[in-house]
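Trainee: Any chance you can model this:
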Amino acid sequence: MKKLFMIAAAASLVATMANAQTTTVETTTGAAGATVRIEPEYRTKIRSYVTEHKIRPVETRERIVVGAKVPTDVELEAVPSDWGPSVTKYRYVYSNNRVMLVDPATRTVVHEID
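Mentor: I've put the predicted structure just below:
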């Protein structure tokens, strides 16, 4: 009986680990309840892009956070197409070592990529 229990527990653990590797990150934020889905491989591309292109962080008086509006004097950058199809409609700002996806129509931060 113990052996059967141990096998079942190990199988459950393996299934959980496999699921964790394929999980997408989904965040719902903003007044309109925008949902942003970013697969893990795209998150890696986004982080690499910032490092490889030596993107300079934006400095503002207020901290740029999810749900807040980006000040009008901050330039919103176009999202590269290789960041994935789910984020190309947004713009981005790099601030405090974070890539912030911004809805260009409202200038509201909808997702933070850490």
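Trainee: now the helices for the protein?
Mentor: Assigned by DSSP state H, the chain shows helices spanning 2-21, 40-52.
Trainee: Next, the contact list for the closest residue in space to residue 42 that isn't next to it in sequence, please.
Mentor: Excluding the flanking residues, the one nearest residue 42 by CB to CB, 6 or more residues apart in numbering is residue 84, at 3.8 Å. The C-beta positions use only the backbone N, C-alpha and C, and glycine is treated the same way. Residue 84 sits next to 38, 39, 42, 45 when contact means CB atoms under 8 Å, 6 or more residues apart in numbering.
Trainee: I'd assumed residue 112 was in contact with the first one.
Mentor: No: judged on CB atoms under 8 Å, residue 38 makes no contact with residue 112 at a distance of 10.8 Å.
Trainee: Would you identify the least confidently predicted of the helices of the chain, using mean pLDDT?
Mentor: Lowest mean pLDDT within those: helix 2-21, at a mean of 48.
Trainee: Report how many residues lie close to residue 103.
Mentor: 22 (other CB atoms under 10 Å).
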